[in-house]
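[1] I'd like to go over a predicted model; first the sequence, then the structure.
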Amino acid sequence: MKRQISFAEALCEAQAYCLEANPNVYVMGLGVPDPKGIFGSTLGLQERFGEKRVFDIPLSENAITGVALGSAITGMRPILTHQRVDFALVSIEQIVNQAAKWHYMFGGKMQAPIVIRMIVGRGWGQGPQHSQSLHAWFAHIPGLRVIMPTTARDAKGMLIAAVEDNNPVICLEHRWLYGLKDEVPEEDYRVSLEQSRVMQPGTDITLIGVSYMALECLRAAELLKEYRVSAEVIDLRVIRPIDKNTLLNSVQKTGRVLIVDHGHVMAGISAEISAVLTESLFQSLKSPPIRLGLPDYPTPTSPAMSDHYYPESHQIGNRALELCGRKPEMLPVIQNRRLDQPDSSFEGPF
Amino acid sequence: MMIDQTKIFELWRCMLRIRMVEEAIAEHYPEQEMRCPVHLSIGQEAAAVGVCAALQRKDWVFSGHRSHAHYLAKGGDLKCMVAEIYGKSTGCCGGKGGSMHLTDQAAGFIGATPIVGSTVPIAVGAALTSQLREEGRVVVIFLGDGAMEAGVVHESLNFAVLKKLPVLFACENNLYSVYSPLKVRQPPQRSLSQLATGHGIQTMLADGNDVCAVFEASSKACKFLKEGDGPVFLEMPTYRWREHCGPNYDNDIGYRTEEEFESWQLNDPLERLTSYVESKKINSLTKKIRQEIQEAFAFAKSSPFPDGQAASEDVYA
Ligand SMILES: Cc1ncc(C[n+]2csc(CCOP(=O)(O)OP(=O)(O)O)c2C)c(N)n1
Ligand SMILES: [Mg+2]
């Protein structure tokens, strides 16, 4: 059997490779060298590469983002990590005004090869300030690349590609993916920062999933098989630029599409995808593109309210059935499962 | 300043109550019914109690992620706090907030949120209200050693000094930000209060495990604030006993030593006062508090969850 490692281990391996391969790469972030090592994704890096290249930072995300930029435009390749997207918001000015535009506003004279890793929280009462999914914000900014790997294999390949890329890359990592294992090659490899991936081919409907939602789409596709509906599942994995080709090819074929986002529907990335598809395929669509995502209010903390905050496979399946002109037969809700945990081993506090 | 026997007893009672509440949370947490992160204040009770004892009910307090002690010391309702941690509709935020988002406006505990440093300017804004409306209120913002590294805290200090605002920056220096010791975050030989001094703010230092010392310093600070002489920065060295987040001890994972932990445990803010309190009183008080806590947990557990509809309410005023 091929080697299987977790998403967190894959990220760690990618960073180890980059540190090894290029002396200009360095890794920093709150808690990077601590005993938990960013949920396992930076464990052992400081021991291996030393305190000069792998280090903790003061609780100064804004300044440190500027520091990363300053070092990047003068020759280094920093990887900066935040345990939550929400914490990185204090550095939004550096990301949006400075890093994203540095290359452009100086007429292409300089480059800003920075990777900013941010973790998207979910579950166990993470609540309003520890579980936002803001990829659409970053997608709005020209000059940034925005990626959301879903599998361990992509996590390693995309992170290596991100570090080698000469632009600022925002890498958003869903917390619930961290423990999931996948076949991951031991050697280094690159996965495109511009291509979405067809996870499973199908003919009746296209399900486009963002990050963790790609997995919910796979589960939904499995449920749909019983209803003789063949769903093609696409892991979006690249938020900016949108991989129009892969999406258009699929929807051209199926004529139906359900976009399942891990962010708000309102002004979310699903709206952009829907527009792209409609503009090109208006005539050949068999039904309007439908968006599923987070409701139009912040994440509440109590499980009683947050349990139904996120789209689930049976809802995706039901919407898909509807789109295919079938009466929604109410696919079964999975019972006996706490919805604020990916599995029972995940007991918080994170 | 002489602190009389009654006051000492009151300070001790308040610390004991906080300690017992936090221990009850730690004890019940493994039942997995409190489904949100909790940052316990065990070991740091003296700072919360000493500062809040110098306040009046009309004064305002703000805090961050580790706010249980501050909320309780300011007179926040225990039942509403426990219910909030249980995610119930009877919680102080109706279940929307959880442990990291507490409020009890009636008690003057305005709010706590967990983005480190972010409530500091908000507290300064509340002090501006107090000044503009000439309400004579004092505002306290609790912050940690980690927060002192955030730019927004320094911007807030500058503004508070500029406008001579009635705000006390109550800084609990527990030596760590999560698992990161001060030495990887700040240069050695520079204290937090020294850092604040650079802003031209009046600074004080009080042993954060000595509730009387904290109370004295805070009382002095409040007098200063009320006279309109500008903000005060109070540094209080102390120590968190349990893990950064969660109910357990974590000295075994290697970011701090067992010896360091033990030396701070010997310096227990409660133990330090126990000799002043009659043992008969200790027993009866412990029993009374235990009863109160049991009632609060029973209230929280038996309270209903918010219904699904509630989630979409309160987005706009
Ligand atoms: C802006 C921001 N960055 C990082 C975090 C993650 N975080 C939560 S608590 C904490 C430690 C803060 O340390 P300190 O201010 O000393 O408070 P203590 O936990 O010691 O009470 C960190 C880094 C956060 N909540 N907000
Ligand atoms: Mg601290």
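    Cool, got the structure. What you are looking at is a predicted structure, and each value in this text was computed from that prediction instead of being measured. Numbers count the residues shown, from 1 in each chain, chains lettered A, B, ... in the order given. Ligands and ions are numbered 1, 2, ... in the order given.
[2] quick one: secondary structure of B:Pro269?
    Under the three-state scheme (DSSP: H, G, I helix; E, B strand; the rest coil), B:Pro269 adopts coil.
[3] So for it, what's the nearest residue that isn't a sequence neighbour?
    In space, and not counting its chain neighbours, B:Pro269 is closest to B:Ala46: 3.6 Å by CB to CB, 6 or more residues apart in numbering or on different chains. C-beta here means a position set from N, CA and C on the backbone, and glycine is covered the same way.
[4] The one you found in helix, strand or coil?
    Taking three-state DSSP as the rule, one finds B:Ala46 in the helix state.
[5] With B:Leu225 as the reference, measure out to it.
    Separation of B:Ala46 from B:Leu225 (CB to CB, to the nearest Å): 21 Å.
[6] do A:Gln195 as well
    Separation of A:Gln195 from B:Leu225 (CB to CB): 60 Å.
[7] repeat for B:Asp145
    Computed as CB to CB, the B:Asp145 to B:Leu225 distance reads 23 Å.
[8] List, one by one, the residues from the stretch 51-200 of chain A near chain B.
    Proximity of the stretch 51-200 of chain A to chain B is confined to A:55-60, A:62-63, A:86-87, A:89-90, A:124-130 under the rule CB under 8 Å from any CB of the partner chain.
[9] show me what contacts whatever residue of the stretch 151-300 of chain B ends up closest to ligand 1?
    Nearest residue of the stretch 151-300 of chain B to ligand 1 (CB to the nearest ligand atom) works out as B:Ser177 at 3.4 Å. Contacts for B:Ser177 (CB atoms under 8 Å, 6 or more residues apart in numbering or on different chains) come out as A:30, A:59, B:116, B:144-146, B:149, B:185.
[10] what about A:Gln195 and B:Leu225, which has more around it?
    More neighbours surround B:Leu225 than the other of A:Gln195 and B:Leu225, with 26 against 14 (other CB atoms under 10 Å in any protein chain shown).
[11] The more buried one - nearest residue in space that isn't next to it in sequence?
    Spatial nearest neighbour of B:Leu225, chain neighbours left out: B:Pro166 (4.1 Å); criterion: CB to CB, 6+ apart.
[12] related to what we said a few turns ago, check the contacts of B:Ser177 one by one and keep those near ligand 1.
    Checking these against ligand 1 by CB under 6 Å from any ligand atom, the ones in range are A:30, A:59, B:116, B:144-146.
[13] Next, the buried residues of stretch A:290-298.
    A:290-295, A:297-298 (16 or more other CB atoms under 10 Å in any protein chain shown).
[14] so where's chain A uncertain?
    Counting by pLDDT under 70, the ranges of chain A that qualify are A:334-335, A:348-350.
[15] Would you map the helices across it?
    A:7-21, A:37-40, A:45-49, A:61-72, A:85-88, A:92-93, A:102-105, A:135-139, A:152-164, A:212-225, A:244-254, A:269-281, A:303-306, A:313-323 (DSSP state H).
[16] Quick one: the ones you listed as JSON lines, columns for mean neighbour count too.
    Listed next are the helices of chain A as JSON lines, based on neighbours: other CB atoms under 10 Å in any protein chain shown:
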{"stretch": "helix A:7-21", "mean neighbour count": "22"}
{"stretch": "helix A:37-40", "mean neighbour count": "20"}
{"stretch": "helix A:45-49", "mean neighbour count": "16"}
{"stretch": "helix A:61-72", "mean neighbour count": "21"}
{"stretch": "helix A:85-88", "mean neighbour count": "23"}
{"stretch": "helix A:92-93", "mean neighbour count": "14"}
{"stretch": "helix A:102-105", "mean neighbour count": "16"}
{"stretch": "helix A:135-139", "mean neighbour count": "23"}
{"stretch": "helix A:152-164", "mean neighbour count": "25"}
{"stretch": "helix A:212-225", "mean neighbour count": "23"}
{"stretch": "helix A:244-254", "mean neighbour count": "18"}
{"stretch": "helix A:269-281", "mean neighbour count": "19"}
{"stretch": "helix A:303-306", "mean neighbour count": "24"}
{"stretch": "helix A:313-323", "mean neighbour count": "22"}
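[17] The stretch 1-150 of chain B: strands as residue ranges?
    In the stretch 1-150 of chain B, the strands defined using DSSP state E, counting those that start in this stretch lie at B:60-63, B:109-112, B:139-144.
[18] mind listing what's buried in the helix or strand following the longest one?
    Next in sequence after strand B:139-144, counting helices and strands by DSSP states H and E, comes helix B:151-162. Judged by neighbour count using 16+ other CB under 10 Å, the buried positions of helix B:151-162 are B:152-154, B:156-157, B:159-161.
[19] Run a quick neighbour tally on the residue of the stretch 51-200 of chain A found nearest chain B.
    In the stretch 51-200 of chain A, the residue that lies nearest chain B is A:Gly125 (2.5 Å; CB to the nearest CB). The number of residues packed near A:Gly125 is 27, by other CB under 10 Å.
[20] how about the residues of the stretch 1-150 of chain B that lie near chain A?
    B:32, B:35-38, B:87-88, B:91, B:93, B:95-101, B:113-118, B:146-147, B:149-150.
[21] List only buried entries from these.
    Buried subset of those (neighbour count, 16+ other CB under 10 Å): B:35-38, B:87-88, B:91, B:93, B:95-101, B:113-118, B:146-147, B:149-150.
[22] Next one: the residue nearest to B:Ile110 when sequence neighbours are not counted from A:Ala100, what distance?
    Excluding its sequence neighbours, the residue lying closest to B:Ile110 (CB to CB, 6+ apart) is B:Trp60, at 5.1 Å. Distance, B:Trp60 to A:Ala100, using CB to CB: 39 Å.
[23] Please list all residues in contact with the closest residue to B:Ala217 other than its chain neighbours.
    Closest residue to B:Ala217 apart from its sequence neighbours, by CB to CB, 6+ apart: B:Ala206 at 4.0 Å. Applying CB under 8 Å, 6+ apart to B:Ala206 gives the contacts B:50, B:213-214, B:216-218, B:234-236.
[24] per-residue pLDDT, B:Ala206?
    pLDDT recorded at B:Ala206 is 98.
[25] Now for A:Leu193: which residues touch it?
    By CB under 8 Å, 6+ apart, the neighbours of A:Leu193 are A:145, A:147, A:158, A:161-162, A:165, A:169, A:238.
[26] please redo it, this time with the cut-off set to 10 Å
    A:145-147, A:157-158, A:161-162, A:164-165, A:167, A:169, A:171, A:237-238, A:240-241, A:243 (CB atoms under 10 Å, 6 or more residues apart in numbering or on different chains).
[27] so what's the residue of chain B found nearest ligand 2 closest to, chain neighbours aside?
    At 3.8 Å from ligand 2, B:Gly144 is the closest residue in chain B, using CB to the ion. Of all residues not flanking B:Gly144 in the chain, B:Glu172 sits nearest, at 5.6 Å (CB to CB, 6+ apart).
[28] now do B:Leu165
    Spatial nearest neighbour of B:Leu165, excluding adjacent residues (CB to CB, 6+ apart): B:Ala127 at 3.9 Å.
[29] now A:Trp176
    Leaving aside its sequence neighbours, A:Trp176 sits nearest to A:Pro342 (CB to CB, 6+ apart; 4.2 Å).
[30] Number of residues surrounding that neighbour?
    21.
[31] I figured it hits A:Gly121, correct?
    No. Using CB atoms under 10 Å, A:Pro342 is not in contact with A:Gly121, being 12.0 Å away.
[32] which residues do the two both contact?
    A:174-176.
[33] what about the residue in chain B positioned nearest to chain A, distance to B:Ile85?
    Nearest residue of chain B to chain A (CB to the nearest CB) works out as B:Cys36 at 2.5 Å. If you measure B:Cys36 against B:Ile85 using CB to CB, the figure is 6 Å.
[34] what do these two both touch?
    A:125, A:301-302, B:95, B:97-100.
[35] Check those one by one and keep those near ligand 1.
    Residues of those in contact with ligand 1 (CB under 6 Å from any ligand atom): none.
[36] Out of those, flag the one nearest to ligand 1.
    B:Met100 (8.7 Å).
[37] That closest one touches B:Val116, doesn't it?
    No. The criterion here is CB under 10 Å, and B:Met100 misses it with B:Val116 at 11.1 Å.
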